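A.B. asks: predicted structure and sequence below. I'll ask about it afterward.
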Amino acid sequence: MNDIQLPAIDYAALLPMLIVFGAACVGILVEAFAPRGWRFVIQVSLTIGGLVAGLVAIIVNRDLEITTIGGAVTVDGPGLFLQGAIIILGIVSLGLIAERRLERGGPFVAEAAHAANSDGDKRQEREPGATEVFPLTLFAIAGMMLFCVSGDLLTMFVALEVFSLPLYLLCGLARRRRLISQEAALKYFLLGAFASAFFLYGVALLYGYAGTVSLTGIREGVLQSEQSGILLAAGLALLAIGLLFKAAAVPFHVWTPDVYQGAPTPVTALMAACTKAAAFGGLLRVFNVAFETTAWDWQPVLATVAILTMVVGSILAVAQTDIKRLLAYSSVANAGYLLVGVVSLNGAVGSSLFYLIAYGFSVLGAFAMVTLVRDSEGEATHLSRWAGLGKGSPLFSALFTFLMLGFAGIPLTSGFTSKFALFSSAWDSDQSVLVIVGVLSSVVLAFPYLKVVVLLWLNPPGEETPTVSVPSMLTRAVIFAGVAVTFVLGVAPSFLLDIVADAGPFLAK
Amino acid sequence: MSLSQWVPLVVLFTLATLFALFSVTIAPYIGPRRYNKAKLEAYECGIEPTPTPPGGSRFPVKFYLTAMLFIIFDIEIVFLYPWAVAFDSLGMFGFVEMLLFIVTVFVAYTYVWRRGGLDWD
Amino acid sequence: MDSITYAPATGALSSMWLLVAIPALSATVLLLLGRRADKWGHWLGVASVLASFVLGVTYFLQLRGIDGTGNKSLSVDLFEFIHIGDLNVSVGLLFDPLTAVFVLLITGVGFLIHLYAVGYMSHDPGRRRFFAYFNLFVAAMLLLVLGDNYVMLYAGWEGVGLASYLLISFWSDRPAAATAGKKAFLINRVGDVGFALAIFLMFATFGTTNYADVFNGVLASEAGQTVSAGVLLAMGLLLLLGACGKSGQFPLQTWLPDAMEGPTPVSALIHAATMVTAGVYMIARSQVIFNANETAQTVVVSIGALTLLIGCVIGCAKDGIKRVLAYSTVSQIGYMFLAVGLGGGAYALGIIHLLAHGFFKAGLFLGAGSVMHGMKDQEDIRRFGGLWKYMRITWATFGLGYLAIIGIPPLSGFFTKDPIILAAFNREGWTGWLFGSAALLGAGLTAFYMTRLFVLTFHGRPRWQKEGEGGAHAASATDAHGAHADAHGAAIARTEDGRDIQHPHESPWIMTVPLMLLAVGSVAAGWLMSTSVVDWLTPVFGEHEEGHAHLTHTQVTIATVAVTVLGVALGYLLFRGGTSLVEQPARTHLVRAARNNLYADRFNELVFELPGRLLTRALVWVDNRGVDGIVNGLAAAFGGGSGRLRRLQTGYVRTYALSILSGAFLIVAALLAVRLG
C-alpha cells in the first residue's frame, strides 16, 4: 500500500483560486450567520476584497510557469492572463450585480423557487433580493479561473460544472419577468447538462485512446498510441461539442438568445464577458496543447463551425427586435471570430486573448446601459421602445452609440483593433478564407448595430418612451469602464498587446 | 486488438437480456393472483404512501431538497471510504486534505441549517 | 523606379500631428461642452480649421524649401499602435508633395465652407453639433491623407465615413435623410470590406502595411518575381473596391446622390470637394501597386469611363439642383479615375483635376445652397428662373464655376480636363480610342446638362411667382404635387407645401465671400496648376516621357472645345424658354432609365438586398424552430394539417436539444470522415 505517490503542490500557483474559492465559502458562512440587515454590505466588500486579492496574487505570479498537483493544474502565461481577465471582468460586472438604486432591493429576487405569479412570488417583489448571488458569482468566477488552467480533462470537467451550476441558478433570479427568467434558467440547465454529457463522453473516449486524461499526455499519445484513430476523432469531436456549447458556437448556440434575454441583465453581462473568456480559454488550451499535432484532422471541421457561427450569428442579429437578443446573437457572431483565432492555433493565441478583453469590456458597458432603460415594468428591452431616446437622453445615447460603433469595428474603438489584430494573425496562419468570411460577416453585423443607432437618434419617440434611469456610482463606473476601455484599446492598444505577447504560448510540456 | 475477447461480454449481455425478458413475460402467467390493499399500493420505503391523485400531480419541493442533501452526504461518505482504506500510505497529508473536504461540506451544511433548509414546515 | 525611402521630419514638420489634433480637439470640446458652447461654438470650429490651414501652409513652404535633390517625403513616427506577432503598425504620419496638396485643399476649401456654414446654418438649433461633426470630418480626412501606412489610411477612411454618415442624417426629422445616411454607411461598408481584405493581403504578402515597405516589396517582386501577379492583381482590385465605395464609382455610386439630403455645406465639402476624392487619393498613393499590373489599371480606367458616362446621362434627367450637381460629381470623379488608371504621367493629371474640381464644385454647391437659401429651400430647378436679377453675386460666381466645369478656356476645367481626354486617347491600342471617345462624349454631355441647370436656374422667365401672377401655371403646379412621388421627391416635397416664393434675396456676406473666393479659385487654379503642380508632384509619381500618340494636343483641344460648345448651344436652345413644371412623360427607354438612376437602386435591391432578406428569413425560421421544426414542417407540408403547423411553437428545450444533437452528429461524422477519408 505504500506505492501512492503524494503529488507536489505549488500553493503559490493555486493561491489566486484558493483565495476566490475561500472567499466564496466565507460568503456562505456570512449568509448563515450574519444578521439580515448587514449581509449586503458584508457580501459586497467580501466579494470585491476576495477578487482584488486574487488579482494581486495573479500579478505576483505573473512570471510563473508550472504544472502542479500531479498535472491537474497548469499555470502558464496565457492561463494567468485569462485568470486575470476573468477576475477584472468579474469585478466590473459586480458593479451591476450590486446595483440597488435602479430597482428597490436590487435586480434579483430573494427566492427563485416560487412559482411565477404565485402569492409568494408577489410578496417577494417588495423584499430585498438574495445576497447569495455574491458567493454564487464568486464560485462561478473561481470555476472559470480553474477551467482556464486545467491540466487534465477531468479537472476541466469539474471546473466546467463549478462555474456552470451557479450560473444556472443566477439566471433564474431576475426580479422582473419571472417566468422567462425561470424558463431561461431551466433551459440553460437542461441543455448545459446535455452538453456536459458530451464532454464527459469525449473524455472517456480520449482516455481509451491515450490512456490518460492529461492534455500533454494526449498530445504525446497522438504520436505513440496504438489505438484506433476513430477513438481519437470521436473523442475530440464530443469534447469539442461540450466546449463549443459554452462558447455559443453554431449549432450549439440555440440556448444563447433565450438565456441572455431571460437572465437578469447583470448576469447576462457576466456570462457574455466572463463565460466567453473562460470557454475560449478552455478551447484555446485544449486545441493548442492536446490536439496541436492532429490539427490537420480537426481544422477543417472547426473552420466550418467558425464560418457557420459567424454567418448565422450575424445574419440572425439583423432580424432581432429585442436589444438583449440582439446582443446575444452578436455574441454568437463574436464567438465565430474567436473560433477563427482557435483554428489559427499558436499564431493567434495572443490576439484571441486581446479580443476577449476588448469584447468583454464593450459588452459589459452595453449591458450596463441596457439596465438603465426602464419603465414601470422594469427594463424595456424591446427595440421599438428605444426609438427616439436620443432626444431626451443625449449622453446615454451618445455613449451607447459609441459602444455600438465599437462592436461594428469602426477605427478608434477596440472593436477595430481587436478584429484587426485577430484577423491579421489568422491570415498570417493561412486562414484567409476564414478571414474573408469574418470581414464579410462583420459588415452584415454592422447593420443591426446601426439599426439601434438609427432608432436612438433618428426615429420619433413612441407613445410611451421609457426613461433612462439615473444609476448609482456602481453602474456608472461599469459604463465608464466599458466606454473608456473600448476607447483606450482602440487608440493605444499596445500596452495590452505587449502583456499578451509576454504571456507567450500555452505550456505544452 | 481482436474482437474475440469481447465474445464473453456479448454472451453475458445476451443472456441477461433474455433472462429479463423471460421473467417479466412469464410472471403474470405462472404467478398466483391474491390481491390485498397493501399489494396494490405504491411501495415507499415501507411507510404510508403520500396520497396523490391518479395520473400524478405536484408535490412539495421539500422532497427534492431532502434528496439533494442526502446525496451530498452520501458522496461525502463515498470519498471517506477509499481514504480510510489508504489511510496509512496517505498519512498526515491525506488527513489534512480530508479535513478540508469535510469542512467545505460543513460550510454548506451550516448554510442549509441556519437558513431553515432542514425544517419541514 | 528606385526604392522608396521616407526621411524623418525635422523642424516645424515634426509637429505635423497638430494638423489632425487641432480640429479633433475642437470637435471634442464642442461635443463635450454641449449647449454651453452654443453661442460661440461655430467660431471655434472655423478657427480650428483656419489654424490647420495656416499650419498646412507653413509645412508646405518648408517642403518647398527643400532643394531639388533632397528627399521630399518626410515622415514622423508617433507611437506604436498595434504590435502583435510579426504585425507592427505604428501611428506614423507622412508629408510629401501629394499629401501637401491634399492638406491645402482640405483645410483651404474646408475653411471657406466652414465660414459659409456659419451663415447657412445660422437658424439651425443644432449648429454647434453640426460644427463638431464638421471638425471631426476635417480631422479624419487629414488623418486619411497624412497616414504613412494603410492602417492609418483605413482609420481615416472609416472616420470620414462616420462623419459623413452623421452629417447626411443631420436633419434626422426627415425620413429621407435617415435613409440616405444608412445607405451611405452600408454601401461604404461594402467597399471597406475590399479595403480591409487588401490590407490583410498586404500584411500576409509583405509582412507590413507601411507605404514604403509595401511599395518596395512590390518593386522588388517586379524585379525578382517573388510575388505572383495574381496576388498583386487581387490587392489592386480589392483596393479599387474600397475606392469605388468611397468615391461613388460604379457599381457603388448610388449612395452619393442620396447623400444630398445633408445640409448643403456638407455636400460641398464632403460629397464634392474632399471625401469622395479619397478613392482617387488612394489609387494615386498606391500607384506602385497599380503600375505593377496592367489588368488592374485597365479595370480602373474602365470603371472611370463607365462612371463618367453614367453620371452624365443621369445628370441630364434630374430636376433637383443638388441632384444634378451630385451626378456631375460622380461623373467628374470618373474622369479622375480614368486619369489615375491610365498611369504614368496621368496620375498628376488626375490629381490636378481633383484639385480644380474641389474649387469649382465646392463653389457650385455653395452657390446652389445660396439659391436655396434665398428661395426658402426650394430645390427644383423647374421652379427657378430669372434669378440672376435677384442674386447677382451668386449668379456670377455660379456662372464662373459652371464655365470651369464644362472646360471653357481659360478657366480651370479646361486646363485639367483637356489633358485627361488627351491622355485617354493616347492610351496604347484600340482601347485608347474607346476611352478617349467616352471622355470626349462625357465633356459634351457635361456641357449640355450644366447649361440646362444654369439656364433654368438663373435665366429665362421666373417660374416661382405667386399663383395669380404665374396664371397659367396654377393648375400644373398643383399637378406637380402628385407627380413628385418618385424617388427623389421626398426632399422636394418638404418645400412644396403650396407656398410660393415671393422675394428671392441674395445671401449675407458670410456666405457670398466664400463664394467669391472659390470663384477666383475656379478661374485661376487651372492655369496655375497645370504646370506647377505637375512639377511639384514629380517626386511622388516620377518623370514620364510623352510616349505613344494617336492624336496631338491641338487636335484634342479643338475637338473638346467643339463638343463643349455644341453641348452648350443645344442646352441653351432647348431651355432658354424655361421648361414645363410637370415631368414630361418619358418617351424613350433611355429617358425612363435615366430618371430611375439607370436602375442602379433596383439592381442593388435585386442582387444584394433580396437574397439577403430571404436568407435572413429562412435562417430565422430554422433557428426559431430548429431541426424539429424542419421535420414537423415537412410532416405538416405532406399532411397538409394546419393544426400541426400551429404546434410549431418556438422555444421548446427539446427542439433545442435536438438541434444540438444533430449538430453533434454532424461534427462527429465530419471528424470521422476527415480521419478515415
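C.D. replies: Structure received. Residues are numbered from 1 along each chain as shown, chains lettered A, B, ... in the order given.
A.B. asks: for chain B, what spans make up the helices?
C.D. replies: Listed in chain order, the helices of chain B (DSSP state H) span residues B:7-30, B:37-40, B:62-85, B:87-114.
A.B. asks: what do you get for the stretch 351-500 of chain C?
C.D. replies: C:392-406, C:412-425, C:430-458, C:467-470, C:473-483, C:489-495 (DSSP state H, counting those that start in this stretch).
A.B. asks: which of the ones you listed sits most buried?
C.D. replies: helix C:412-425 (a mean of 26; mean count of other C-beta atoms under 10 Å in any protein chain shown). Using the backbone N, CA and C atoms, a C-beta is placed for each residue, glycine as well.
A.B. asks: how far away from the center of its chain is that helix?
C.D. replies: Distance of helix C:412-425 from its chain centroid, counting by C-alpha atoms, centre = their mean, to the nearest Å, is 21 Å.
A.B. asks: point out where chain B drops to low pLDDT.
C.D. replies: Under the criterion pLDDT under 70, the flagged ranges of chain B are B:1, B:43-59, B:121.
A.B. asks: got the residues of it near chain A?
C.D. replies: Counting by C-beta under 8 Å from any C-beta of the partner chain, chain B comes close to chain A at B:61, B:86, B:88-90, B:93, B:104, B:107-108, B:110-111, B:113-115.
A.B. asks: rerun that using 10 Å as the cut-off
C.D. replies: Proximity of chain B to chain A is confined to B:1, B:58, B:61, B:64-65, B:85-94, B:97, B:103-104, B:106-115 under the rule C-beta under 10 Å from any C-beta of the partner chain.
A.B. asks: from chain A, how far out is the residue most central in space within chain B?
C.D. replies: Nearest to the geometric centre of chain B sits B:Ile71, at 7.9 Å (C-alpha atoms, centre = their mean). B:Ile71 is 14 Å from chain A, where distance means C-beta to the nearest C-beta, to the nearest Å.
A.B. asks: and the longest strand belonging to chain C, what's buried?
C.D. replies: Taking DSSP state E as the criterion, chain C has its longest strand at strand C:74-84. Going by neighbour count (16 or more other C-beta atoms under 10 Å in any protein chain shown), the buried part of strand C:74-84 is C:74-76, C:80-84.
A.B. asks: same question, stretch A:433-452
C.D. replies: Buried-residue list, stretch A:433-452, by 16+ other C-beta under 10 Å: A:434-452.
A.B. asks: same check, this time on stretch C:506-522
C.D. replies: Neighbour-count burial for stretch C:506-522 [16+ other C-beta under 10 Å]: C:506-507, C:511-512, C:514-519, C:521-522.
A.B. asks: kindly reformat those as CSV containing secondary structure and pLDDT.
C.D. replies: Formatted as CSV, these follow (DSSP: H, G, I helix; E, B strand; the rest coil; pLDDT from 0 to 100):
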residue, secondary structure, pLDDT
C:Glu506, coil, 75
C:Ser507, coil, 76
C:Met511, helix, 79
C:Thr512, helix, 80
C:Pro514, helix, 82
C:Leu515, helix, 81
C:Met516, helix, 83
C:Leu517, helix, 81
C:Leu518, helix, 81
C:Ala519, helix, 83
C:Gly521, helix, 79
C:Ser522, helix, 79
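A.B. asks: out of the residues you listed, who's nearest A:Ala115?
C.D. replies: Among the buried residues of stretch C:506-522, C:Met511 lies closest to A:Ala115 (C-beta to C-beta), at 69.8 Å.
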